[in-house]
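Trainee: just to be clear, the model below is a prediction. Sequence and coordinates:
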Amino acid sequence: MPPEATPLAERLAGLIAATGPISLAQYMAEANAHYYASRDPLGAEGDFVTAPEISQMFGELAGLWLTDLWTRVGSPQDAHYVELGPGRGTLAEDALRAMRAVRFEPPIHLVETSPVLRQNQATRLPTARWHDDIDSLPETGPLLVVANEFFDALPIRQVLKTDKGWREIMVDHRDDRFVPVSSGPALDDLVPEPLRDAPEGSIIETSPAVESAARALAQRIAKQGGAALIVDYGYEGLATGDTLQAVSRHEHADVFAEPGERDLTAHVNFAVLDAVGRGEGLTVHGPIGQGQWLESLGIGARTAALVKAAPYQQEELITARNRLTRADEMGTLFKALAMTGKDWPVPAAF
């Protein structure tokens, strides 16, 4: 191994040397687990910026969206605020501030495994309770859930069309480098019928981890009542293409270099979330573009109010709104999908 190799890289290289290539899903899971456990990746000094870090308006409108649902279902006093992958806690802080303004102060539950990020969240949300997974959330009372850029970081599998059929992409270690190889098992029977005749070189992505997390969440909402707001970047339906990417210092980077030192994500298939939610008896709304969702909730009026209160920030506020809503920024690629429990009303903006 080269002298600059990290302990994780050395461990993965040793595992591959002992047992052969590992799945892309395992590589991504190990890399992201180390990455998030060892740093705060957000903000200008980190690797990427999410919507809540761009403007307080995103979190405020998410909080009011949840409050509106809660009010229309009868204001159940045992409801919980839940966030999956809450980052620094910025979204939750903004959402809960907006909720308090209309006299709704639910207990706070954060699903977060990173000790570094938990510390950051605790400074903003000192009364929160932390959970390692969805299974440990409260088992009574409606769950009001936000998952912003949570599912895109979960591990994926990739299947490549070769001259011998569809083969799973694995990760090997050769000449001191991690490399993708199509040495995995034949998976022709798992490829959806409409895609089986795709040209050689085509890639199909699946994510058992996304399906598992979505199902665990949907089952809880089906049992306890509530709603989930999922915002992420992705697509709908059957598609081919390689969407796995790495980001470091706000620039695209090599997925297979320095595992655990850069953020690995892939586009979310919203059709999968839709199918899982409906399969568990929930009503699914959307997806719609993030821009459409925010504009329908009144981000224009909120921008104007903030500009009036702080005219010196006018340019910054308008730029933030545009970044969140414009089609050539985050407004179309990023999508919002809602799941609601039985007898819960249709959410605002959907």
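Mentor: Here it is on my side, so go on. Being a predicted model, the structure only gives us computed values, none of them experimental. Residues are numbered from 1 along each chain as shown.

Trainee: contacts and neighbour counts: CA atoms only from here.
Mentor: OK.

Trainee: which helix or strand contains Leu66?
Mentor: Leu66 belongs to helix 56-72 when elements are defined using DSSP states H and E.

Trainee: should've said Leu12
Mentor: Per DSSP H and E, Leu12 falls inside helix 7-19.

Trainee: Glu30 now?
Mentor: For Glu30, the enclosing helix or strand under DSSP H and E is helix 24-37.

Trainee: tabulate the CA atom coordinates of that helix in PDB.
Mentor: C-alpha atoms of helix 24-37 as PDB (Å, rounded to 0.1, in the frame of the first residue of the first chain):
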ATOM      1  CA  LEU A  24     -20.000  -1.900  -4.700                       C
ATOM      2  CA  ALA A  25     -22.700  -1.700  -1.900                       C
ATOM      3  CA  GLN A  26     -20.200  -2.900   0.700                       C
ATOM      4  CA  TYR A  27     -17.600  -0.500  -0.500                       C
ATOM      5  CA  MET A  28     -20.000   2.500  -0.500                       C
ATOM      6  CA  ALA A  29     -21.400   1.500   3.000                       C
ATOM      7  CA  GLU A  30     -17.900   1.300   4.500                       C
ATOM      8  CA  ALA A  31     -16.700   4.500   2.900                       C
ATOM      9  CA  ASN A  32     -19.700   6.600   4.000                       C
ATOM     10  CA  ALA A  33     -19.800   5.100   7.500                       C
ATOM     11  CA  HIS A  34     -16.200   6.200   8.000                       C
ATOM     12  CA  TYR A  35     -16.700   9.600   6.200                       C
ATOM     13  CA  TYR A  36     -19.700  10.700   8.300                       C
ATOM     14  CA  ALA A  37     -18.400   9.400  11.600                       C
END
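
Trainee: angle of it against helix 7-19?
Mentor: 160 degrees (axes from the mean of the first three to the mean of the last three C-alpha atoms, to 10 degrees).

Trainee: helices or strands next to helix 24-37 in the packing?
Mentor: helix 7-19, helix 115-124, strand 157-162, strand 170-174, strand 263-265 (3 or more C-alpha pairs under 8 Å, 6 or more residues apart in numbering; DSSP states H and E).

Trainee: run through who's touching the helix or strand following that helix.
Mentor: The helix or strand immediately downstream of helix 24-37 is helix 51-54, counting by DSSP H and E. Contacts with helix 51-54, where a contact means C-alpha atoms under 8 Å, 6 or more residues apart in numbering, come from 43, 58-59, 90-91, 320, 324.

Trainee: pipe the helices and strands packed on helix 24-37 into JSON lines and attach distance to Ala271, mean pLDDT and mean neighbour count per row.
Mentor: Shown next, in JSON lines, are those (distance: least, C-alpha to C-alpha, whole Å; pLDDT from 0 to 100; neighbours: other C-alpha atoms under 10 Å):
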{"stretch": "helix 7-19", "distance to Ala271": "33", "mean pLDDT": "95", "mean neighbour count": "15"}
{"stretch": "helix 115-124", "distance to Ala271": "30", "mean pLDDT": "94", "mean neighbour count": "17"}
{"stretch": "strand 157-162", "distance to Ala271": "17", "mean pLDDT": "96", "mean neighbour count": "23"}
{"stretch": "strand 170-174", "distance to Ala271": "25", "mean pLDDT": "96", "mean neighbour count": "21"}
{"stretch": "strand 263-265", "distance to Ala271": "18", "mean pLDDT": "94", "mean neighbour count": "24"}
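
Trainee: of all those, which lies closest to Thr50?
Mentor: strand 263-265 (12.8 Å; C-alpha to C-alpha).

Trainee: neighbouring contacts of the closest one?
Mentor: 28, 31-32, 35, 47, 152-155, 244-248, 255.

Trainee: lowest-confidence one in these?
Mentor: Least confident entry in the contacts of strand 263-265, by pLDDT: Asp47, with 66.

Trainee: which secondary structure element of this protein has the lowest mean pLDDT?
Mentor: Every helix and strand of the chain was ranked by mean pLDDT, DSSP states H and E. The lowest is strand 251-253, at a mean of 85.

Trainee: circling back to that earlier point, any chance of the contacts of helix 51-54 in TSV, with distance to Gly201, neighbour count and pLDDT too?
Mentor: Shown next, in TSV, are the contacts of helix 51-54 (distance: C-alpha to C-alpha, whole Å; neighbours: other C-alpha atoms under 10 Å; pLDDT from 0 to 100):
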residue	distance to Gly201	neighbour count	pLDDT
Gly43	36	15	60
Phe58	39	22	98
Gly59	41	23	98
Thr90	41	22	96
Leu91	40	27	97
Ala320	39	19	97
Leu324	34	27	98
